[in-house]
Structures are given as C-alpha cells and as structure tokens.
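Visitor: Sequence first, then the predicted structure, then my questions.
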Amino acid sequence: MEIRFMSIGSGSCGNCYYIGTGTYGILIDAGIPVKTIRQALKRENIPFESICAVFVTHDHADHIKSLGVIASKAMIPIYATKEVHEGITRNYCTTAPIEQQYIRYIEKETPIGFRDMNITAFEVPHDGSDNVGYCIEIGDKTFSFLTDLGKITDTAARYINKANYLVIEANYEEEMLAMGKYPKFLKDRVSSDTGHLSNQTTAEHLARNFNEYLKYIWLCHLSEENNHPELAYKAVEMQMRSYGIIPGKDVHLSVLKRATPSPLYHLSCNEKCEEC
C-alpha cells in the first residue's frame, strides 16, 4: 500500500506533518495556521477534507496552535494522551479550545487501529506536560516519528529500529549552541535530557544502529539560531560514512525545512526514487 508523506512545517516556528494513503490522511501536530496547511495540501492535490485526524506529540505552542480551529471548523478529531489534552487546555497560545466532542484519548504503548493504519504512541523525554513519538504501520511498512526529545532512550531506540521510514530530530549543532547568544539557562534546557537532540547525538545513534530495512531518514525540527540544514546533513552523512553507510546509496537522507513544505513523498515507489 502507498504511503505518502510531507512536512508542512518543522521547527520552533510551527510543526505539522502529513502522512496518508491515496484516499485519506492524518496530521501529526498542527502548530501552524490552518490556511497554510490547506495551501500546502492543495498544491499536492490533497483535499483538506481527506484529513481524518490529528495526532499530537506534546502541548508546546509550536505543535498545537491550530488544533481548536481544525477540530471546530473541519470537525476533525484530535488524538493525544490525557495529560497532553489537559496541557492543551491550559495553553494560552491555542487559537481556540478543542470542543469535547473532538477530543480522543490515547495511551502510550497501546496500538489503535485507524482505518488501514496501526498507530502506537510511545514515550519520549521532553519537557511538555507529556510527550510521545508515533509509530505508524501501514501494511508491511513502518513509519516512526520522533521530534522534541532530549535523549534516545531504549524505548525510542526500539521504534527507530523498527522503521522503514524515519523522521527524527536534529535540533542543534553543539558548538553553535555553546557559542551562541542563548542565555545559560536556555542552553542548559536545550541540551538537557528533556530538551532536544543535537546533530551529533542523532548522527551517532543512526550510524551505530543502522539496519538494511531503513530506507528513508528525514532530519526535523532544526533550530533557526543553533543549526543549519547543511550542518545537520553533513553531521549525519559523515558519521554514517565512517561506519561504511553511504547516504544516497544505502539510505535516503533529507533535511526538512523549518517553514517551507517538503515535496510529497510517495513511499511505495521504487526505493531508488526519492520523490515522485
């Protein structure tokens, strides 16, 4: 079965990702304006009305701003853990509350069937009210999604290892953060075990734990102040090459832009074709 993926926004300015089949799709997070989401989908001939749900990773503003509008205007259910839903209710940055009839609760490590998808939320370490990644199985394909996590735990590593298609954070370049203008408390927060992953941490883990079933890697949630797409790509590429893994040959490697939608990836295509 075809899996289609697109990043609509990836970064502290707002996050939203589309995962779907040829007939329907879901969003992971909705921290950007609904108009922007609609326009990005329309450019790829994806009707907004084909969106059946939003699955939320955590309750920080850049992931949740538009949830209430999406729920009330488009009548789309919002899936999150109880703690995340409570955090969304408390967050003053949301543009509208989520009406009760559109609230759906999920539990970590409890798979739910959603049409052709089998979706499992799993714990990741971050400083939201609660924080999850998602593993989405469609047929014999597995898509793992991990953003906003301070370290790669055994649980996170298990879902990374399952993936054929992987979205994973590479938030900051360690030297840029250390030498940059952030105050010490913010540097400490970013680099903590409940903060974000550096280019170096992500690169080392991917290289050490690479397996032949992993076909695509997208690096996400890059910091505007403490990273550049070229640095993130190069960090992972060089580390992989040091282990004999060649991006572009053994695995596709891409960096998702912060405010520019990615191409729409058709992941049931010939694996040598990065996008269709």
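Guide: Noted; the coordinates are in hand. All values reported here derive from a predicted model rather than from experimental measurement. Numbers count the residues shown, from 1 in each chain.
Visitor: Can you list the buried residues in stretch 4-23?
Guide: The neighbour-count check on stretch 4-23 (16 or more other CB atoms under 10 Å) flags 4-12, 14-21 as buried. Glycine gets a C-beta too; all of them are placed from N, C-alpha and C.
Visitor: Can you show me the helices along the stretch 151-276 of the chain?
Guide: 154-162, 174-179, 184-191, 199-208, 229-242 (DSSP state H, counting those that start in this stretch).
Visitor: Out of those, flag the one nearest residue 61.
Guide: helix 184-191 (15.4 Å; CB to CB).
Visitor: how distant is the closest one from the center of its chain?
Guide: 22 Å (CA atoms, centre = their mean, to the nearest Å).
Visitor: Same check on stretch 251-262?
Guide: 11 Å.
Visitor: try stretch 193-212
Guide: So, by CA atoms, centre = their mean, the centroid of stretch 193-212 is 15 Å from its chain's centroid.
Visitor: end to end, how far does it reach?
Guide: End-to-end distance of stretch 193-212: 29 Å, with CA to CA, to the nearest Å as the criterion.
Visitor: Pull out the buried positions in it.
Guide: 195-207, 210.
Visitor: What of stretch 181-192?
Guide: Quick answer for stretch 181-192 (16+ other CB under 10 Å): 182, 187, 190, 191.
Visitor: what is the mean pLDDT for that stretch?
Guide: The average pLDDT for stretch 181-192 rounds to 97.
Visitor: May I have it as CSV, with CA atoms only?
Guide: The C-alpha coordinates for stretch 181-192 follow below in CSV (Å, rounded to 0.1, in the frame of the first residue of the first chain):
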residue,chain,number,x,y,z
LYS,A,181,23.6,34.1,22.2
TYR,A,182,21.2,32.0,24.2
PRO,A,183,21.4,32.6,28.0
LYS,A,184,22.9,29.8,30.0
PHE,A,185,19.5,28.6,31.4
LEU,A,186,18.2,28.2,27.9
LYS,A,187,21.3,26.4,26.6
ASP,A,188,21.0,24.1,29.6
ARG,A,189,17.4,23.4,28.8
VAL,A,190,18.0,22.7,25.1
SER,A,191,20.9,20.3,25.8
SER,A,192,19.3,18.5,28.7
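Visitor: Which residues are in contact with residue 22?
Guide: For residue 22, the contact set (CB atoms under 8 Å, 6 or more residues apart in numbering) comprises 2, 4.
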